[in-house]
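# Quick one: sequence plus predicted model below, questions after.
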Amino acid sequence: MSGPADHQQTDAAPVIVVGAAIVRDARLLAQQRAFPEQLAGRWELPGGRVEPGESDRDAVVRECEEELGVRVVVHDQVGPEVPLRHGRMVLRIYAASLTEPEAVPVAREHRAVRWVEATEIPELDWLDADLALVPHLCDLLPA
Ligand SMILES: Nc1nc2c([nH]c(=O)n2[C@H]2C[C@H](O)[C@@H](COP(=O)(O)OP(=O)(O)OP(=O)(O)O)O2)c(=O)[nH]1
């Protein structure tokens, strides 16, 4: 059986949010949210919701173009998938690199972007869900 209900969100099909762990020169790109008000000032990885019919990797590429104005190559998933909003959404992070290594990511929708070293990653005020991923993000970079 198929029908319009197939496209609606159900408990069995959480919305997928993807994030990009972009690494260059032993640094990770983090970005600081500008909105909504309760999240403004906190740090996250570039990304967003996977659209219907879109692969995780295609969503990572699209979001990096929209948010940062750069093209990325997407690599392996980093760390575990993290539940958001009581399991109605899940966050998956993928390692990524810039297609053009000298490209300059620009904060189009965020307050700031910043390249951080391994020792700085735990010091940022990450979104709650990202805290579980911090050790895995550190592992991407040389100590
Ligand atoms: N992009 C991103 N979103 C994250 C991270 N950690 C985390 O909890 N989230 C949450 C915040 C939001 O509830 C949701 C994605 O929001 P978003 O605003 O980035 O995604 P989007 O552009 O597709 O959203 P929208 O405009 O359709 O509302 O995932 C992260 O590291 N990166």
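That came in fine, so what should we check first?
# Contacts only, for the residue most central in space within the chain.
The C-alpha lying nearest the average C-alpha coordinate of the chain belongs to residue 19 (C-alpha atoms, centre = their mean; 1.7 Å). Counting by C-beta atoms under 8 Å, 6 or more residues apart in numbering, residue 19 touches 44-47, 60, 91-94, 130. In this view, the C-beta of every residue, glycine as well, is placed from N, C-alpha and C.
# The same query, at a cut-off of 7 Å, please.
By C-beta atoms under 7 Å, 6 or more residues apart in numbering, the contact list for residue 19 reads 44-47, 91, 93.
# Also residue 88?
For residue 88, the contacting residues are 14-15, by C-beta under 7 Å, 6+ apart.
# what secondary structure does residue 100 sit in?
coil (DSSP: H, G, I helix; E, B strand; the rest coil).
# and it, how many residues sit next to it?
9 (other C-beta atoms under 10 Å).
# one step back: tell me the confidence at the residue nearest to the centre of the chain?
Looking at residue 19, its pLDDT reads 98.
# who touches residue 108 in this structure?
Taking C-beta under 7 Å, 6+ apart, we find residue 108 in contact with 67-69.
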